[in-house]
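Peer 1: just the structure for this:
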Amino acid sequence: MQAPAGDSLYGAVVNYIGQPITEVDTPANSAAVQKHKSKTAAVAALNAQQQGEEQQQQLKRPGVMTSWEEDDGPDIAGHGIDALGLERLKPLINQQVAMKNRDQITESLFTGVKALDTLTPLGRGASLLVIGPNGSGKTTLALDAIQGCQKGARIRCVLSSTTQTAEQLDRRLKVLEAAGCLDNTAVFFAPPDATLGTRLATVMAAAAAGERIRDEGGHSLVVLDDLAPLSDAWDKLVLALADLGQEKLREGLIKDEAGNDVALSPQTEQELVDYEGMLVSGAVAQRRGFFSILFLRAAKLHSSFGGGSMSLLPLVPGRPASGTKAQIDMSKYQTLSEEQKEKLSAMLEKKKAAEAAVMALSVGPGEVKTETVEEFISIADGQVVLEPSMNAPSTSSEAAVGPVPFSVNPKLSITRVGSRAYYKALEHLAPQIRLDLAQAEDARKFATNQDDPVLRRYEAYSQRIAAALQQQPGEPVPLEELVVILFAIQSGLADTVQPRDVSAFLAEGLDLLRRDNAKVLTDIAKSKQLTAASEKGITETFKSLLQQRGSQ
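Peer 2: Numbers count the residues shown, from 1 in each chain. Predicted coordinates for the structure are as follows:
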C-alpha cells in the first residue's frame with residue numbers, strides 16, 4: 001500500500017490516506033476543504049447539465065488523483081474530500097536502506113532542547129527515543145524540538161499523533177503555528193480510540209513522508225508520539241499466528257544472510273541465533289525483526305544517493321529497567337561461609353523481587369512494558385530518559401493539560417552516535433558536562449562524610465548544571481546561546497552564584513551579551529565554532545555582570 005508524501009501535506013493535519021481532519025482548524029486544512037467544496041460544486045453543476053445525476057456520481061473529478069497507484073481507481077477520500085499529498089507516494093511499509101547505501105552519521109540535527117543537545121545529541125539519520133512515564137513532558141520536548149530544528153536549518157518535520165483527541169492536538173498545533181513552524185510540518189492523525197491497524201498505519205505513513213524528503217536529498221525529522229501501536233501489533237500478530245499452529249508462528253520471521261528462512265522449533269526457539277551480528281534467542285530475533293521495520297527506516301544516505309537523511313524521535317510512554325544486575329555467582333566468593341552465601345543470596349533475591357514489583361506497579365495506563373522499552377532501547381541509536389514529574393497529570397495524555405515541563409535523567413540518557421553529532425562549538429563543552437555529572441554522582445555514592453567540602457562542591461556544581469539545562473516549554477534555545485551557557489558554567493563564571501539563582505544569572509548574561517557584544521553570538525551562529533575571541537567576549541561580559549551584581 002502506498003502512503004501520501006507530497007508537499008501539500010505540510011501545514012495540514014491528515015489521516016494515513018491523506019484525508020484532511022476537519023476538526024483541526026489549521027489554515028492548510030481549511031484551505032483544502034474550501035478548495036474541495038468549490039471544485040465539487042463546479043464539477044457537479046457541469047456534470048448535471050451534460051450527463052444527468054446518475055452519471056455524475058460515476059465521473060471522476062478532473063485534475064484530482066483518486067487512487068493510490070492509478071487514475072481510474074476508487075475515490076480514496078471515501079466521503080468526498082480530496083486527499084492531500086498524493087503528488088508523491090511512498091510505500092506505507094518500506095524496506096530499510098541497504099548498509100552500502102548509507103553514510104556515517106556525522107551531521108548534527110540541533111533541536112534547541114538544551115538537555116538533549118548537550119547530553120544526547122541527535123545526528124541526522126539517527127533514531128533517538130524519548131522515554132518517560134505519563135506526565136513527564138515527552139510531548140512538550142518533542143514540540144520544542146520541532147520548533148528548534150527549523151530555526152536556521154532546512155529541516156522538514158513530520159508528526160504522528162495517535163494519543164491525542166482532535167481538540168487536544170488543535171491546541172498543541174496552535175503553538176507551532178504561532179512559532180511559524182506549522183507550514184513546514186506535516187501531521188498525521190488518528191484518535192486514541194481508533195483501531196490498532198489505523199494507529200499503526202498512521203505511524204508508518206509519517207515515516208513514509210519523512211523518507212520522501214530523505215530520498216530527494218533533503219533532511220527530515222519524524223516525531224512519533226507513541227510506539228505502543230508497534231508493540232501492540234506484534235502481540236496481536238503472535239496471537240493470530242499461534243491460532244494457526246506453532247509451525248506458522250515460527251515460519252519466515254527470521255532470515256539468514258542469503259535471505260532464506262531460518263527454521264525454528266519449540267526445542268530451538270530459545271537457542272541463540274546470529275541476528276545482525278548479535279547472538280539472541282530465536283523469539284527475541286523475531287520481535288526485533290518486526291520492530292526494526294520502523295526503526296531502521298531512519299538513515300543518512302550516501303552522497304551518491306543524494307546525501308539526504310531521515311531522523312526519528314519516537315516517544316515511548318514507560319520506564320527503562322531499574323538496572324538490577326544479573327544473579328551473582330556465589331562460588332567466586334571463597335572467603336564466605338555457606339551460611340553467609342545463603343544470606344547474601346537471599347538478600348539479593350529479595351531486592352530483585354522488590355524492584356521487579358515496583359516496576360510492575362509503576363506501569364501506568366497506556367504505558368509500554370519495561371521489557372518492551374528495553375527492546376526499543378537496544379534497537380535505537382540512543383535515548384533521552386525523562387524524570388517522573390512531581391505534578392504529573394492523572395490523564396495518560398499530556399495534551400489534556402497543556403505543556404508539561406520536563407527534566408532529563410543524565411545517567412540513563414545516552415547516545416551511540418557519540419561526539420560526531422555535535423557541532424564544533426559543542427564538541428568539547430558538552431561531553432565535559434556529562435563527565436562532570438558522572439563525577440558528582442560518584443562523589444555522592446562513595447562519600448563517607450556528607451559534610452566533606454569536595455562532596456559539597458560537586459553537589460553545588462551539579463545543581464548549577466541542572467539549573468542551566470532547564471528551560472521553559474515552548475522556548476527552544478539556539479546553538480549560540482547554548483554554547484554561551486555551557487562555557488559560562490564550565491569556566492567558573494557562575495561559581496559564586498547560588499544554584500537557585502543560576503537560571504536568572506545566565507539569562508541576564510545573555511541579555512547583556514546581546515546588548516553590548518552581539519558580535520559574539522553572531523560569530524558562533526555563523527561559524528558553529530567557539531573561537532578564542534568569542535571566549536574572551538563571553539568572559540568579559542559575565543565578569544561585568546558579576547561586578548554589577550556585587551555593587552548592588
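Peer 1: how is K300 assigned, secondary-structure-wise?
Peer 2: strand (DSSP: H, G, I helix; E, B strand; the rest coil).
Peer 1: dump the residue contacts of it.
Peer 2: R102, D103, Q104, I105, E107, G123, R124, G125, A126, G307, G308, S309 (Cβ atoms under 8 Å, 6 or more residues apart in numbering). Every residue, glycine included, has its C-beta placed from N, CA and C.
Peer 1: how about L386?
Peer 2: By Cβ under 8 Å, 6+ apart, the neighbours of L386 are V130, I131, G132, P133, S136, G137, K138, L141, F406, S407, V408, N409.
Peer 1: can you check S292 too?
Peer 2: Q96, I379.
Peer 1: what is the neighbour count of E342?
Peer 2: E342 is flanked by 12 other residues according to other Cβ atoms under 10 Å.
Peer 1: what helices and strands are in contact with the helix or strand that M310 is a member of?
Peer 2: Counting by DSSP states H and E, the element that carries M310 is strand 309-317. Strand 309-317 is packed against strand 129-132, helix 138-149, helix 196-215, strand 219-224, helix 282-295, strand 299-300, helix 370-379, with contacts defined by 3 or more Cβ pairs under 8 Å, 6 or more residues apart in numbering; DSSP states H and E.
Peer 1: now with 7 Å?
Peer 2: strand 129-132, helix 138-149, helix 196-215, strand 219-224, strand 299-300 (3 or more Cβ pairs under 7 Å, 6 or more residues apart in numbering; DSSP states H and E).
Peer 1: just to revisit the earlier point, in strands, which of the contacts of K300 fall?
Peer 2: If you go by DSSP state E, those have S309 in strands.
Peer 1: with distance to L86 added, can I get the contacts of K300 in TSV?
Peer 2: Shown next, in TSV, are the contacts of K300 (distance: Cβ to Cβ, whole Å):
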residue	distance to L86
R102	29
D103	30
Q104	35
I105	32
E107	31
G123	32
R124	27
G125	27
A126	30
G307	27
G308	21
S309	24
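Peer 1: turn the contacts of K300 into JSON lines, columns for distance to D501, pLDDT and neighbour count.
Peer 2: Formatted as JSON lines, these follow (distance: Cβ to Cβ, whole Å; pLDDT from 0 to 100; neighbours: other Cβ atoms under 10 Å):
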{"residue": "R102", "distance to D501": "47", "pLDDT": "93", "neighbour count": "17"}
{"residue": "D103", "distance to D501": "45", "pLDDT": "93", "neighbour count": "18"}
{"residue": "Q104", "distance to D501": "42", "pLDDT": "92", "neighbour count": "11"}
{"residue": "I105", "distance to D501": "38", "pLDDT": "93", "neighbour count": "24"}
{"residue": "E107", "distance to D501": "37", "pLDDT": "92", "neighbour count": "19"}
{"residue": "G123", "distance to D501": "35", "pLDDT": "94", "neighbour count": "26"}
{"residue": "R124", "distance to D501": "37", "pLDDT": "95", "neighbour count": "28"}
{"residue": "G125", "distance to D501": "40", "pLDDT": "95", "neighbour count": "27"}
{"residue": "A126", "distance to D501": "36", "pLDDT": "95", "neighbour count": "27"}
{"residue": "G307", "distance to D501": "45", "pLDDT": "94", "neighbour count": "16"}
{"residue": "G308", "distance to D501": "45", "pLDDT": "95", "neighbour count": "24"}
{"residue": "S309", "distance to D501": "40", "pLDDT": "96", "neighbour count": "27"}
